[in-house]
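**Q** dropping a prediction and its sequence here:
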Amino acid sequence: MRGRSSRRRKPPGASPGVPVLTGEAMPSRRHAIRYTATSIEESDPRDARECLALIAPGSVTWLDVQGLADLEQLRLLGEGLKLHPLALEDVVSLNQRPKADDYDSHLFVIARMPEAGDAISTDQTSLFVGPGYLLTFQERYGDCLDPVRERLRKGKGLMRRAGSDYLAYAILDAIIDGFFPILEAFGERLEDLESEVVERPTRSSLESIHRAKRDLLTLRRAIFPLRDAVNSLMRCESELVTDQTRTYLRDCYDHCVQILDMVETYRELAAGLMDIYISSLSQKLNEVMKVLTIIATIFIPLTFVAGVYGMNFDFMPELHWRLGYPLIMALMALLALAMIWYFVRRGWVGPEELPAGRLFGRRRK
Amino acid sequence: MRGRSSRRRKPPGASPGVPVLTGEAMPSRRHAIRYTATSIEESDPRDARECLALIAPGSVTWLDVQGLADLEQLRLLGEGLKLHPLALEDVVSLNQRPKADDYDSHLFVIARMPEAGDAISTDQTSLFVGPGYLLTFQERYGDCLDPVRERLRKGKGLMRRAGSDYLAYAILDAIIDGFFPILEAFGERLEDLESEVVERPTRSSLESIHRAKRDLLTLRRAIFPLRDAVNSLMRCESELVTDQTRTYLRDCYDHCVQILDMVETYRELAAGLMDIYISSLSQKLNEVMKVLTIIATIFIPLTFVAGVYGMNFDFMPELHWRLGYPLIMALMALLALAMIWYFVRRGWVGPEELPAGRLFGRRRK
Amino acid sequence: MRGRSSRRRKPPGASPGVPVLTGEAMPSRRHAIRYTATSIEESDPRDARECLALIAPGSVTWLDVQGLADLEQLRLLGEGLKLHPLALEDVVSLNQRPKADDYDSHLFVIARMPEAGDAISTDQTSLFVGPGYLLTFQERYGDCLDPVRERLRKGKGLMRRAGSDYLAYAILDAIIDGFFPILEAFGERLEDLESEVVERPTRSSLESIHRAKRDLLTLRRAIFPLRDAVNSLMRCESELVTDQTRTYLRDCYDHCVQILDMVETYRELAAGLMDIYISSLSQKLNEVMKVLTIIATIFIPLTFVAGVYGMNFDFMPELHWRLGYPLIMALMALLALAMIWYFVRRGWVGPEELPAGRLFGRRRK
Amino acid sequence: MRGRSSRRRKPPGASPGVPVLTGEAMPSRRHAIRYTATSIEESDPRDARECLALIAPGSVTWLDVQGLADLEQLRLLGEGLKLHPLALEDVVSLNQRPKADDYDSHLFVIARMPEAGDAISTDQTSLFVGPGYLLTFQERYGDCLDPVRERLRKGKGLMRRAGSDYLAYAILDAIIDGFFPILEAFGERLEDLESEVVERPTRSSLESIHRAKRDLLTLRRAIFPLRDAVNSLMRCESELVTDQTRTYLRDCYDHCVQILDMVETYRELAAGLMDIYISSLSQKLNEVMKVLTIIATIFIPLTFVAGVYGMNFDFMPELHWRLGYPLIMALMALLALAMIWYFVRRGWVGPEELPAGRLFGRRRK
Amino acid sequence: MRGRSSRRRKPPGASPGVPVLTGEAMPSRRHAIRYTATSIEESDPRDARECLALIAPGSVTWLDVQGLADLEQLRLLGEGLKLHPLALEDVVSLNQRPKADDYDSHLFVIARMPEAGDAISTDQTSLFVGPGYLLTFQERYGDCLDPVRERLRKGKGLMRRAGSDYLAYAILDAIIDGFFPILEAFGERLEDLESEVVERPTRSSLESIHRAKRDLLTLRRAIFPLRDAVNSLMRCESELVTDQTRTYLRDCYDHCVQILDMVETYRELAAGLMDIYISSLSQKLNEVMKVLTIIATIFIPLTFVAGVYGMNFDFMPELHWRLGYPLIMALMALLALAMIWYFVRRGWVGPEELPAGRLFGRRRK
């Protein structure tokens, strides 16, 4: 949440279509891969001019920019490729929702790459898909796209033969598949949390449940609109997307639905954990109160009896009986036994409720 | 849930359409049934080649593969029948959502077969429906399809006369009908749980409610998308599905809706049980506190009075009265009676609240 | 709920379209009414052959079968009228959701007749609407259709002049109208429950709320799909439904919507009752705890003071003062008054919280 | 709610299209306004014949009937104007949902007029819009339509120049606008309730919240279907509604949406109040328990110490010390101070929790 | 909420299309900006006549009216530009929902400008978009449109070259972007609230959560219909909106969706805070009760023992033993230790629950 508040956003009412960088961004690093079905070459262009020179008919150029500090080069690149200014603005305006826009001459897609950590966060990734080129812009260094690069280098499968749309698909697929290990780790975290809440709920369980819910919100905010974006890509009328790629995008779409499904299931389980936590607190209170009540109920009347015979009246015949003391002690024992019998009958004391039972219960699982 | 975490899934960014087996799978067993309206023969082909040899125009071949370890034969089978690589990948990628995809030359359906046990789980079942053949892939050995095989062998009804689409329907129908006995057992389990929660809620009731909710989530995740899959099969434009089969699929669809309906009803009942459980805890706390309060409220003032006459002041005239002791005892009795009268008037002590009442209440049902 | 578990259902994987009776059913009773605009005759056909003989062009025959034990006659009837086997199967497969299917030569409608009792239940009623005939199948003897029969006999209104579709409408209308008195009784039950929960919530209130919720689920499961069934009848393309009947079905549809509306309102009220019940428990606990706290807080310090002067030290000067005892008693009285003043100031003791206040509160309504 | 149970409804299975009056209704009063762009005349026709005589081409006649006891005249009126029997039946069947039906020769609209009171209730108002006439039927005497009548008499604006559809719009608009003052009063009531619940929640707050929720349900049941009715009027194909009126109906529709919006907002606020109420109870319990715990924790150990030195053992050396008594008193004071220090450190005693703090808190707002 | 109740609204049943001012409004201030691609001039017209004189073909005139008291001039302006009377009525009828209506000759848009303060509120802003003119009406002085005016004056970008529709877009964009800083401040407020609720929940936390929820309702009521309004503008068939502007409106729409997304996320977090608050109360109660129970359970039995030996029976042999006193003291110490051991074993006393642990916990973050 702390991250949300350091949002970089241009001031309200500013000119649209003009990229504005209001927070601190990482310096831009550029990496280009240019390939045909038979060849592949990689380079690290220094500026927009070098980047543009790489794009040529007959080959596909993937230009990957990591770090968004270099607005000027972004502007030049946008001009060179006639990218829509609103799309360029979105590239540097972080915390965008995933979406897919069709600007006729190019497609613009925003996705969010999940990143595990203390809390789950997502990094914005923008894709421009044009004829013969694919531009990707990433908020931070390091990504989950190395397997895609490796497949390009190896040249197996469709990767090198298909166009920039298939490459865009491959990247989206890698991003979407990146959600699965995070969700699986999350599933295990939820299981541990469940054991904890059922067996020994503590104050920190509450925070853990809340954090889990917040992470699920982050995931849902990343994947829910991405599903729609993939769907609109799949159904868009642009000629940039081939029928073959559309079939693969359908697979992508299925994965999004599956992730959403898991997120929703986890949300329900997390909500259930909160219920269990709250009722565990009640349960614990009940146990505490039972102990207090049993002790107090047994000893308060006994103390009263002892108090009576501690009174200093001159004329209290029982005090002078020989058997007064043992008799009164026996009476007290009887009283105590009656109370205990009553508690057993009410089920307050018994297998389930005895401390030993509790301890056994803990070891059961 | 434990099962969810042992999910076998290929690494993010891997090539699409290449089946990858990342967990331990059962070795594949193959069983083939080839039939026409008048003849039927069964065999256990050893590899993909033998399987492919069985498929011939004029007959329908049902090839059932249980256990998914043999990826190579799967690949060969896929090549021989021109199955789409993405579909093949889905076959071995477990934990898929049910779905129905139309790949022109064949239909691909995923369903999940429910399995009762300590917790309800579902096994993935994939179906390829092509002209003259039906391929089924199952995660584990043993299934609920024996009645379908029996009907094929007996050759009654439409089974042998209709094509592979009708066989696919019969299998889906058997899978969907398999949910009913599980739901019925679930209904009884919920009834027992309800009696328990209303009559003597314990800590384990809470776990049972949570487990029930989780099972319902598992069931809903299996049946909800299956309903959509059956619907899209019913409405798909493929020539592989005849009008006759579509009518039968409508029946299947109705069953899915009915199951969903029951699942939703059970979900509401389970949510209600949680409410009852929580309020039962409050109720029990109230009872405990009432006992404590009644005992404490009666005896604490009495103990004080006894304490007063236990003081050692030299000049306490009452102590020397002849009737001091009986008088003070009478005063105490009066005080206690006043308290009891007050509790009766407040309704804390009475038919409803007395332990006997509780016990009667328990036996009532 | 107990009823749900005795569901009669054929085993999974059994042949579709073959009626199977797995539970105990009542023996079938048949009653036929054959009428034209000018004539009406009633009979009790003994078997399917006699039934089929009654159906003739130019007249409408309503055959009502109560009790579903006679599967053979059902099969013969189905063959004679060319009823779809899947529909016949649904007739005897109880616990179906209401629905309307168009089988070209006939329409098939399932509705559920509500029945008040210890818990609200619904009986399955199936209708086959064909040219010149209407078949109704009921799970049990006795129904709410006598007014419809009476109207047929009297021959007033459209009843005798219109076709079998209008008769089907009249029956559906009678079934749907049968929900109103049940809902009205339910409304009163909810009002009583509300008074009870607000004024003197007991353990049985909780069960009553839960039962009310379950009854509402039963009603909703019967009426929600019935609304859709009526709607699809109203919009179906079959020539069996005349435009006139469609107008009347719209009225039916409005009634369904109105019933659903009431059910949803009651559901919200029932959910509100649960909230009130739970907060009433807290309220009662608060009251109990206040009494305990007031008594304990007043007397525990006093008892301590008394205890101090009950100590047996040799040198305790106060004990030998002439006014020691009255002084210490006055001190105690002062302490008690200070406590009481504190409680009044905190609002723990006062008009609202005094038992008299509570009793007045109860009588207020 | 009491009102709901006195629902007048004809018995299930009765003939459709025959108005049946089952409860006690007010005797009918009729008032007619007949106007053209230039003239206006008012009268109180005694029966249906006189009413029908007023309707003539070239003028618009608004016949308003208040009280629904006179079924015979209603029937005659219906016959004279060829009103659909199902619509006539709905007029006297109270508790209908708002709706708009198009019967070709006339439109039939049901709306519900809100009425503030102990609880918010709504009166059924039916409108028949035909060529040259508008019939309104109201459940009770007195309505919110006087401003409409006044505008007719003054003849300003479109009122007198437009047809019966515009008059129907004007009436619907008046009914819908009648919701606003009620909602505004409701808003203030909710604010007061909020102050009460936050500052001094009592048992009656709970009832107030529940009543508020019920009133919101009543309002929503009246306005939600009315929105749909206005929408279907706006989009209906009938020639009875001119394009001009459709524009005005869009305004009406916007008002319905706005009212629904407010109702939903209030519902959320009311739900929030329930949460606050419940947590206020917990808060109060916490305060009560803290007082008890502080007092008990301080004095119980002290009382024990006093008890020890009240024991009558022959050999208790401390009892004979000169400084025994002051020493033990000092020890007790120390013990008490340690306890208090512990409570302050835990934050149980301090600015927030002190009674003075509470009282300041109350005065803060 | 107090603001809601001072709603200015005309009485129900009043004439539609006649602006009525029922509350106190600010006197109107007018400011006009008339520009072409090359020129710009600003003025403060005194009345409607002067305003109308400024509108001329070939230029765009933006007339901004702040304060709505001057109804007569509004009426004149409406007549001069042929604005629809219903739209004019909406301008002065405050608390309208955002919407966009197409009146052929002009478009009418209502938006709500958010304003931070003690509670978040929104001011109504109405826009009339016609050929060559844009009228804006604002409820109060001061707005967030100065950056738009500045961009007009500087003449950069599309601002001066595009028509009144682009200007309307620019204004809507500024209004929508104005939600972001408010939401960001809200996010921080929610974070602080979260720390507070988790670490030291007080009574005022509850009020803060409730206020936060109310603010979110206000925001949602402003932005949810605005999204629909922008969407309908984007898709409207009017020629007043150019294709270029539609592309920019899509960007606006995306921002609305993003804001809604944040509002929904915050709503979920706020709901979670309420859960945490309630369970924190239970947690605190548990801690209080544990302290009470530990103290009472240890000392009540000890006090009883002391009471026994404070009894004044003549024959109590133990009293005369030499070691009676030390023995009994040792017995008491043993009893106390047994109790403490029991509590440690139950986990009531230990690292987590010790006050020190709590204090460390507080400092942890």
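**A** In hand now; what should we look at? Predicted model only: the values in this text are computed from it and were never measured. Numbering: from 1, shown residues only, chains lettered A, B, ... in the order given.
**Q** now do the strands in the stretch 1-150 of chain A.
**A** Remark: strands assigned in the stretch 1-150 of chain A by DSSP state E, counting those that start in this stretch are A:29-35, A:40-43, A:60-66, A:99-102, A:107-115, A:121-130, A:133-138.
**Q** list the strands paired with the fourth one, with their directions.
**A** Each strand paired with strand A:99-102, and its direction, by DSSP bridges: strand A:107-115 (antiparallel).
**Q** the third one too?
**A** The strands beside strand A:60-66 in its sheet (DSSP bridges) come out as strand A:29-35 (antiparallel), strand A:133-138 (parallel).
**Q** where do the helices of chain A begin and end?
**A** Under the criterion DSSP state H, chain A carries helices at the ranges A:2-5, A:48-54, A:71-81, A:85-92, A:146-154, A:164-177, A:179-199, A:203-235, A:243-308, A:324-346, A:355-364.
**Q** around chain E, pick out the residues from the stretch 101-250 of chain A.
**A** Where the stretch 101-250 of chain A comes near chain E, counting by C-beta under 8 Å from any C-beta of the partner chain, the residues are A:101, A:200, A:202-203, A:206-207, A:210, A:213-214, A:217, A:221, A:225. The C-beta positions use only the backbone N, C-alpha and C, and glycine is treated the same way.
**Q** tally of neighbours for the spatially closest residue to A:I276 that is not a sequence neighbour?
**A** Among residues not flanking A:I276 along the chain, A:V197 sits closest, at 5.2 Å (C-beta to C-beta, 6 or more residues apart in numbering or on different chains). The number of residues packed near A:V197 is 24, by other C-beta atoms under 10 Å in any protein chain shown.
**Q** spit out the contact partners of A:V197.
**A** Taking C-beta atoms under 8 Å, 6 or more residues apart in numbering or on different chains, we find A:V197 in contact with A:205, A:209, A:273, A:276-277, A:280.
**Q** quick one: low-confidence parts of the stretch 151-300 of chain A?
**A** Nowhere does the stretch 151-300 of chain A drop to pLDDT under 70.
**Q** ok, the stretch 1-150 of chain A next?
**A** A:1-10, A:21-24.
**Q** check contacts around A:I209.
**A** A:193, A:197, A:270, A:273-274, A:277.
**Q** surely A:M332 is in contact with A:F299?
**A** No. Between A:M332 and A:F299 there is no contact under C-beta atoms under 8 Å: 9.8 Å.
**Q** thinking again about what came up before, now, the most widely separated pair of the residues of the stretch 101-250 of chain A next to chain E?
**A** Greatest spatial distance in those: A:D101 and A:R200, 50.8 Å, computed using C-beta to C-beta.
**Q** which of those two has more neighbours?
**A** Taking neighbours as other C-beta under 10 Å, A:D101 and A:R200 compare with A:D101 leading, 20 against 13.
**Q** relative to chain C, how far out is the residue nearest to the more buried one when sequence neighbours are not counted?
**A** Of all residues not flanking A:D101 in the chain, A:F108 sits nearest, at 4.6 Å (C-beta to C-beta, 6+ apart). For A:F108, the distance to chain C (C-beta to the nearest C-beta, to the nearest Å) stands at 42 Å.
**Q** partner residues bridging A:F108?
**A** Applying DSSP bridges to A:F108 gives these bridge partners: A:D101, A:F128.
**Q** residues near it, how many?
**A** The burial metric for A:F108, expressed as a neighbour count using other C-beta under 10 Å, is 22.
**Q** so it is in contact with A:P98, correct?
**A** No. Taking contacts as C-beta under 8 Å, A:F108 lies outside contact range of A:P98: 11.4 Å.
**Q** which non-adjacent residue is nearest the residue in the stretch 201-350 of chain A positioned nearest to chain B?
**A** Across the stretch 201-350 of chain A, the shortest distance to chain B (C-beta to the nearest C-beta) belongs to A:G307, at 3.3 Å. Leaving aside its sequence neighbours, A:G307 sits nearest to B:A306 (C-beta to C-beta, 6+ apart; 3.3 Å).
**Q** just A:L158 next, same as before
**A** Nearest residue to A:L158 in three dimensions, chain neighbours excluded: A:Y166, at 6.0 Å (C-beta to C-beta, 6+ apart).
**Q** I'd say that neighbour and A:R246 touch.
**A** No. The criterion here is C-beta under 8 Å, and A:Y166 misses it with A:R246 at 10.5 Å.
**Q** out of the two, which sits in the more crowded spot?
**A** Neighbours were counted for A:Y166 and for A:R246 using other C-beta under 10 Å; A:Y166 has more, 24 against 15.
**Q** and whichever residue of the stretch 201-350 of chain A sits closest to chain E, how many residues sit next to it?
**A** The minimum distance from the stretch 201-350 of chain A to chain E, using C-beta to the nearest C-beta, falls at A:A306 (3.3 Å). Other residues lying near A:A306 total 26 when counted by other C-beta under 10 Å.
**Q** show me what from the stretch 151-300 of chain A comes close to chain C.
**A** So the stretch 151-300 of chain A never meets chain C (C-beta under 8 Å from any C-beta).
**Q** one step back: please identify the most buried of the strands paired with strand A:60-66.
**A** Across those, the average number of neighbours (mean count of other C-beta atoms under 10 Å in any protein chain shown) peaks for strand A:133-138, which reaches a mean of 24.
**Q** that one versus helix A:164-177: what angle between them?
**A** 30 degrees (axes from the mean of the first three to the mean of the last three C-alpha atoms, to 10 degrees).
**Q** need the CA coordinates for strand A:133-138. CSV is fine.
**A** Extracted in CSV, the C-alpha atoms of strand A:133-138 (Å, rounded to 0.1, in the frame of the first residue of the first chain):
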residue,chain,number,x,y,z
TYR,A,133,8.5,-4.5,-34.7
LEU,A,134,7.5,-5.1,-31.1
LEU,A,135,8.4,-2.5,-28.5
THR,A,136,8.2,-3.4,-24.8
PHE,A,137,8.7,-0.9,-22.0
GLN,A,138,9.2,-2.1,-18.5
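**Q** any residues touching that strand, and which ones?
**A** Contacts with strand A:133-138, where a contact means C-beta under 8 Å, 6+ apart, come from A:55, A:60-68, A:74, A:77, A:81, A:83, A:91, A:113, A:123-128, A:145, A:164, A:167-168, A:171.
**Q** what does stretch A:31-48 give?
**A** Under the criterion C-beta under 8 Å, 6+ apart, residues A:29-30, A:50-51, A:53-54, A:56, A:58-64, A:66, A:73-74, A:76-77, A:80, A:149, A:152-153, A:155, A:160-161 lie in contact with stretch A:31-48.
**Q** list the buried residues of it.
**A** A:32-35, A:40, A:45, A:48 (16 or more other C-beta atoms under 10 Å in any protein chain shown).
**Q** among the residues you listed, which one lies nearest to chain D?
**A** Ranked by distance to chain D (C-beta to the nearest C-beta), the buried residues of stretch A:31-48 are led by A:A48 at 49.2 Å.
**Q** which residues does the closest residue to that closest one other than its chain neighbours contact?
**A** Among residues not flanking A:A48 along the chain, A:L76 sits closest, at 3.6 Å (C-beta to C-beta, 6+ apart). Counting by C-beta under 8 Å, 6+ apart, A:L76 touches A:47-49.
**Q** and which of the residues you listed is nearest A:R189?
**A** Using C-beta to C-beta, the contacts of A:L76 come closest to A:R189 at A:A48, 43.5 Å.
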